[in-house]
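In: what follows is a predicted structure for the sequence shown.
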Amino acid sequence: MKKLSWFNKIVFVFNIVITVLTFVAYILPFLAPKLFPLLSVLTLILPLFLILNGLFFLYWLLQLKRQLVLSGLVLLLGITFINKFYKFSSSVTDEEEKDFTVMSYNVRLFNIFEWIPKPAIGDTILSFINEQNPDILCIQEYSQNAKVDLRVYKYKAIYMEGKNIKTGQAIFSKFPIFNQGDFKIPQAGNNIIYADIKKGKDTIRVYNIHLQSIKISPDVNEIQEHVDVIDQNKSQQLFTRIRDAFKKQEQQTEVLVNHKKECTYPVIICGDMNNSAFSYVYRNIKSDLNDCFEEAGTGFGQTYKFKYYPARIDYIFASKSMKVKSFRSFTEFNYSDHYPIMTRLSFKE
């Protein structure tokens, strides 16, 4: 440290701060959010910490300074996290008749409140679904008021709430649904539903989840406006909202995990988790399942429109008794604040 220039000393101090925050973010997935709810926000920006550590590593490497060890060690320890953020290659295999496809899509009420200034969004989404033709379709923020006709699906499980504009979640299936249900945390928003589906000789339980929203704007410019305005009340409201959202997500996760433990069938979990792949919620819901993006996806796997940051908060998980043959995030389809995701699965022989 003594041999460093004054500028490099400042850089190294920032390097240490980022390193400490990165280590904290590594640990947080193993700690319940109710213990450190505000610190849990660090898991949302862990990829940024990894990128900054990479830049620090290169900075010291070009100068042949031993300070590179600090960020190098952090990156080495976090190598398993990198695969959750970016996949360098996909493992797509040939399609077979026994395969089946699963799509998850937060449709944002089919745009009935015209958040997107385009006509007939519901019909456009319907055409997209018909074109992709998934065998099982899980929809979050479903609305019957939009009158989107999904009659191609003979079997369905729909659970709605509300008075004037009813919203909820739906599971549509080309295979018979013989059992279904929902469970909701009274103090938490959104819901979790499930359906037991018979596919030939196999039975699958499909969960469609929509966890509590953190309600952070997808527009970075709007966030910056909040930062620029020194308003203690607004800041306190933001912190309170984030803290409460993480606690409610933890409650919903606990209910889901306990319900899943009682299930004897292979499981598929789809939906909008409203949290990152580096979170406590993700770690506990994924548990012993495969993350279909990690198994067969490519690139960032972005599922949510957040300016300048490829956020992945929508997931499809599948039991290890199923082979993940392909995965795709349709980032070119801009008709909700989320992107649809779809995977192709088959049961292992």
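Out: On my side now, so go ahead.
In: all contacts plus neighbour counts: C-alpha atoms, from now on.
Out: OK.
In: residue contacts, residue 298?
Out: 86, 87, 88, 89, 90, 328 (Cα atoms under 8 Å, 6 or more residues apart in numbering).
In: make that residue 266, sorry
Out: Applying Cα under 8 Å, 6+ apart, the residues contacting residue 266 are 203, 204, 205, 318, 319, 321.
In: if you set the cut-off to 6 Å instead, what comes out?
Out: 204, 319 (Cα atoms under 6 Å, 6 or more residues apart in numbering).
In: phi, psi of it?
Out: Taking degrees, to the nearest 10, you get phi -60, psi 150 for the backbone angles of residue 266.
In: likewise the one 4 residues further on?
Out: Reported as degrees, to the nearest 10, the phi and psi values for residue 270 are phi -120, psi 160.
In: now the one 5 residues further on
Out: Dihedral angles of residue 275 (phi, psi; degrees, to the nearest 10) stand at phi -160, psi 160.
In: offset the numbering so it begins at 487, please.
Out: Sure, I'll start counting at 487 from here, so that last one is residue 761.
In: tell me the spacing between it and residue 531.
Out: 11 Å (Cα to Cα, to the nearest Å).
In: would you agree residue 788 falls within a strand?
Out: No: according to DSSP: H, G, I helix; E, B strand; the rest coil, the state of residue 788 is coil, so it is not within a strand.
In: report how many residues lie close to it.
Out: Residues near residue 788, counting by other Cα atoms under 10 Å, number 23.
In: what residue is smack in the middle of the chain?
Out: residue 799 (1.9 Å; Cα atoms, centre = their mean).
In: domains for the protein, by residue range?
Out: 492-571, 586-830 (automatic domain parsing).
In: so for residue 580, which of those domains sits nearest?
Out: Among those, domain 586-830 comes nearest to residue 580, with 7.7 Å by Cα to Cα.
In: distance between the ends of the closest one?
Out: 6 Å.
In: one step back: for residue 568, see how far away the residue nearest to the centre of the chain is.
Out: 16 Å.
In: how about the strands of the chain, start to end?
Out: Using DSSP state E, the strands assigned to the chain run over residues 586-592, 622-628, 641-647, 653-659, 663-669, 677-685, 688-696, 753-758, 776-777, 800-804, 808-815, 827-833.
In: could you dump the ones you listed to a markdown table with mean neighbour count?
Out: Below are these laid out as a markdown table (neighbours: other Cα atoms under 10 Å):
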| stretch | mean neighbour count |
| --- | --- |
| strand 586-592 | 23 |
| strand 622-628 | 24 |
| strand 641-647 | 18 |
| strand 653-659 | 24 |
| strand 663-669 | 15 |
| strand 677-685 | 22 |
| strand 688-696 | 22 |
| strand 753-758 | 24 |
| strand 776-777 | 22 |
| strand 800-804 | 26 |
| strand 808-815 | 23 |
| strand 827-833 | 21 |
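In: can I get the ones you listed in a markdown table with mean pLDDT and distance to residue 536?
Out: Shown next, in a markdown table, are those (pLDDT from 0 to 100; distance: least, Cα to Cα, whole Å):
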| stretch | mean pLDDT | distance to residue 536 |
| --- | --- | --- |
| strand 586-592 | 98 | 29 |
| strand 622-628 | 97 | 31 |
| strand 641-647 | 93 | 40 |
| strand 653-659 | 94 | 35 |
| strand 663-669 | 95 | 37 |
| strand 677-685 | 96 | 32 |
| strand 688-696 | 97 | 28 |
| strand 753-758 | 97 | 24 |
| strand 776-777 | 97 | 21 |
| strand 800-804 | 98 | 21 |
| strand 808-815 | 96 | 23 |
| strand 827-833 | 97 | 25 |
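In: where does pLDDT dip in this structure?
Out: The model of the chain has pLDDT under 70 over residues 487-488, 576-578, 672, 675, 702-723.
In: just the helices in the protein please.
Out: Assigned by DSSP state H, the chain shows helices spanning 492-513, 532-548, 554-563, 565-571, 607-618, 706-714, 718-747, 766-772, 778-782.
In: and the fourth one, how far out from the chain middle?
Out: This means helix 565-571. Centroid separation for helix 565-571 versus its chain: 14 Å, with Cα atoms, centre = their mean, to the nearest Å.
In: swap in the longest one?
Out: On the basis of Cα atoms, centre = their mean, the separation between the geometric centre of helix 718-747 and that of its chain is 15 Å.
In: nearest to residue 535, out of the strands of the chain?
Out: Among the strands of the chain, strand 800-804 sits nearest to residue 535 (Cα to Cα), with 21.5 Å.
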